[in-house]
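Trainee: predicted model follows, preceded by the sequence.
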Amino acid sequence: MQDRSQLLTEQRLPESMSLDVMSIEQAVALMNDQDRRAVEAAAAERANVVRAIALIVPALRAGGRLIYVGAGTSGRLGVLDASECPPTFRVDPEMVQGIIAGGPDAMFRAKEGAEDSPEQGAAAVEEKNVGPSDVIMGIATGGTTPFVHGALRRGRERGAKTIFFSCVQPVPNEPEVDVVIRPLTGPEVVTGSTRLKAGTATKVILNQITTVAMVQLGKVYQNLMVDLKASNAKLRDRAARIICTITGVDRATAEELLRRADGHVKPAILIHHRKVSLDEARALLERAQGRLAEAMKL
């Protein structure tokens, strides 16, 4: 059995030694303070996050995929981030994916033993038919997860770009990767519970990775979510407001533009701005690689 006591995430936090006798107010204040440290640790890794995004953007632009791999909380956060990309940025669900040790059922019921097999991690990568156009990001806040190590090694063997995310100092036999993101969040309020600060830092950085990548792919205009399809009442309202904001038209005109554009915001804006048909608007967007600002100038 491996002794992991030297890992930062397994050490005891001096400030929480008396957690069990703290008042509710004291415990919450302590966690607030520690969560700030998690965000600071994420910020300290900015340069490596930038390097990771710089790998991911050309891969996605060329039709490749970003595939997160993790176990437990790390796996769930990867699946969560992947699942939020299609509704937020109207991308194909295949573009960003999450693999969790133990399979989909592990999202809802812990399967702790599933993380111990590097062979299963490698098999999961094989099943996805990972290749040179893809990017694999292994998430292992404690650094040692065999499932993640196996997935990264097999991904690299198959030609994929690889990123390793960990919240501890380098450990023996870490997989060779293109980029390492290592926010050192330190000991947890509850010793070893990496769903806390380590999980917070993970969520912060995954948000940055996919959000900035999608902005680079033209999914955002200024700071507006323009690459959405108005498929329900909330999104129809948001889409109409975005069209009003960008074009200056009234609400009724915005709704009509949205109808003419089959519920898609970017073509609706181009139909108005360039006085073109829906097909012509789509052609302009294709020429501009989806970037609305460039399409408006063509």
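Mentor: Structure received.
Trainee: wait, Ile243 touches Val265, no?
Mentor: Yes - in this structure Ile243 lies within contact range of Val265 using C-beta atoms under 8 Å: 6.3 Å. In short, each C-beta sits where N, CA and C put it, glycine included.
Trainee: give me the common contacts of those two.
Mentor: Listed as contacting both Ile243 and Val265 by C-beta atoms under 8 Å, 6 or more residues apart in numbering are Leu258.
Trainee: give me the pLDDT for the residue nearest the centre of the chain.
Mentor: Nearest residue to the geometric centre of the chain (C-alpha atoms, centre = their mean): Leu206, 3.6 Å. We have a pLDDT of 98 for Leu206.
Trainee: OK, contacts around it?
Mentor: Here Leu206 is in contact with Tyr68, Leu77, Gly78, Asp81 (criterion: C-beta under 8 Å, 6+ apart).
Trainee: 10 Å instead?
Mentor: Neighbouring residues of Leu206 by C-beta atoms under 10 Å, 6 or more residues apart in numbering: 49, 68, 77-78, 80-82, 84, 96, 98, 137, 139, 165.
Trainee: same check on Val189?
Mentor: So Val189 contacts Leu13, Glu15, Ser16, Leu19, Ala27, Leu30, Met31, Asp33, Gln34, Asp35, Leu196, Lys197 (C-beta under 10 Å, 6+ apart).
Trainee: was I right about the last one contacting Thr9?
Mentor: So that's Lys197. Yes - with contact defined as C-beta atoms under 10 Å, Lys197 reaches Thr9; the gap is 8.5 Å.
Trainee: which residue of those two possesses the greater neighbour count?
Mentor: More crowded of Lys197 and Thr9, by other C-beta atoms under 10 Å: Lys197, with 28 against 23.
Trainee: what residues are up against that one?
Mentor: By C-beta under 10 Å, 6+ apart, the contact list for Lys197 reads 9, 13, 31, 34-39, 41-42, 141, 167, 183, 185-189.
Trainee: I'd like to know which of those residues are buried.
Mentor: Buried by 16 or more other C-beta atoms under 10 Å: 9, 13, 31, 34-35, 37-38, 41-42, 141, 167, 183, 185-189, out of those.
Trainee: where in the protein is pLDDT low?
Mentor: Within the chain, the ranges that satisfy pLDDT under 70 run 1-5, 112.
Trainee: wait, a strand at Pro172?
Mentor: No - counting by DSSP: H, G, I helix; E, B strand; the rest coil, Pro172 is not part of a strand but coil.
Trainee: excluding its backbone neighbours, what's nearest Ala59?
Mentor: Val135 (4.9 Å; C-beta to C-beta, 6 or more residues apart in numbering).
Trainee: in helices, which of the contacts of Leu206 appear?
Mentor: Those of the contacts of Leu206 mapping onto helices are Val49, Leu77, Gly78, Leu80, Asp81, Ala82, Glu84, per DSSP state H.
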